[in-house]
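below: sequence and its predicted model.
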Amino acid sequence: MSGKLITIEGGEGAGKSTVIATIVAVLEQRGLRVQTAREPGGTVLGEAVRELVLGPAHHGMSAEAELLLMFASRAQLVRERVLPALAAGEWVVSDRFTDASFAYQGGGRGIDGGCIAELERWAVGIKPDITFLLDVCVDVGLERARGRGGELDRIESEASSFFERVRTRYRQRAAAEPERFRVIDAGAPVKQVVTEVQHALHAWLDASA
C-alpha cells in the first residue's frame, strides 16, 4: 500500500498517546513503515514554535498570531517530513493536524473558518486519509489533563467554555466528513477505546487494500 496520513484529534485529556501507540502497533504488524509526528512540533522549527504557542509566559498572544504560528509549524512539518515520507511509501501518524486549527482557533478563538480553510489550502495542501476523533466530555478530559501534575500550558489554562467550543467544532467537522472521521468514545475505559480503534483501523485498512 502507498503511504497514508493518519491523524488523531481530540480535546485535552482525550488519551491521544495511547491511541497513537495502538495505531502504530497495528500498522507495523501489517509490515508498514511508520513515522509519528506531533503538532505543533515534529521538526526543529516546529518545536521552537511549540514553545511559543504553549509557553505559559505568552498569555498575551492574539488569536491571529496563534493561528499563524500553528500553520507555520504545520507547513514545515508537511514539507520536511510528511510529504517525503508519503512519497517513500511510509505512513505518518500525527498527533493533531489541520482539524485542530478549525477546532481550537476556529471554534475556541472564534476565527472565521474561511480564513483557516484558505491557510489549509495554501500552506498545507493535503488532508489526512483518515482521522480518529477522540471525543470526551470536557470536564472529564480536563480532570485527566490537570491530574497529570506539572504546570499547565497556555492552552490547557483556558476556561471550560473554551474547550466546549472546541469540542463542538470537532464534532461538527466529523459530522460533515463522515467518510474521513472515525469518532471514538474516549470517555470509555482504556481497553474499550483501544479495541474500538483497532477494529475501525483494521476495517479501513482492509477496505483500502
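Here it is on my side, so go on.

for stretch 28-45, measure first residue to last.
Stretch 28-45 has an end-to-end distance of 28 Å (CA to CA, to the nearest Å).

just the helices in the chain please.
Taking DSSP state H, the helices of the chain run over residues 16-29, 44-54, 63-77, 83-87, 98-101, 113-119, 138-146, 160-176, 190-208.

make TSV out of these and add mean neighbour count.
For the C-beta atoms, the positions are set from N, CA and C on the backbone; glycine is no exception. Output for the helices of the chain, formatted as TSV (neighbours: other CB atoms under 10 Å):
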stretch	mean neighbour count
helix 16-29	17
helix 44-54	17
helix 63-77	20
helix 83-87	15
helix 98-101	26
helix 113-119	15
helix 138-146	16
helix 160-176	17
helix 190-208	14
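
any idea how far residue 206 is from the most centrally placed residue in the chain?
Residue closest to the average C-alpha location in the chain (CA atoms, centre = their mean): residue 96, at 1.5 Å. From residue 96 across to residue 206, the span is 26 Å (CB to CB, to the nearest Å).

same deal with residue 107?
For residue 107, the distance to residue 206 - CB to CB - is 33 Å.

can you check what angle separates the helix or strand of the chain with the lowest mean pLDDT from helix 160-176?
One helix or strand of the chain scores below all others by mean pLDDT, DSSP states H and E: helix 138-146, with a mean of 92. Angle between the axes of helix 138-146 and helix 160-176 is 110 degrees (criterion: axes from the mean of the first three to the mean of the last three CA atoms, to 10 degrees).

send the alpha carbons of helix 138-146 over as CSV?
This file holds the C-alpha atoms of helix 138-146, laid out as CSV (Å, rounded to 0.1, in the frame of the first residue of the first chain):
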residue,chain,number,x,y,z
VAL,A,138,-14.9,18.4,28.7
ASP,A,139,-15.0,18.1,32.4
VAL,A,140,-13.6,14.5,32.3
GLY,A,141,-10.9,15.5,29.8
LEU,A,142,-9.8,18.5,31.9
GLU,A,143,-9.7,16.4,35.1
ARG,A,144,-7.4,13.9,33.4
ALA,A,145,-5.2,16.6,31.9
ARG,A,146,-4.8,18.5,35.1
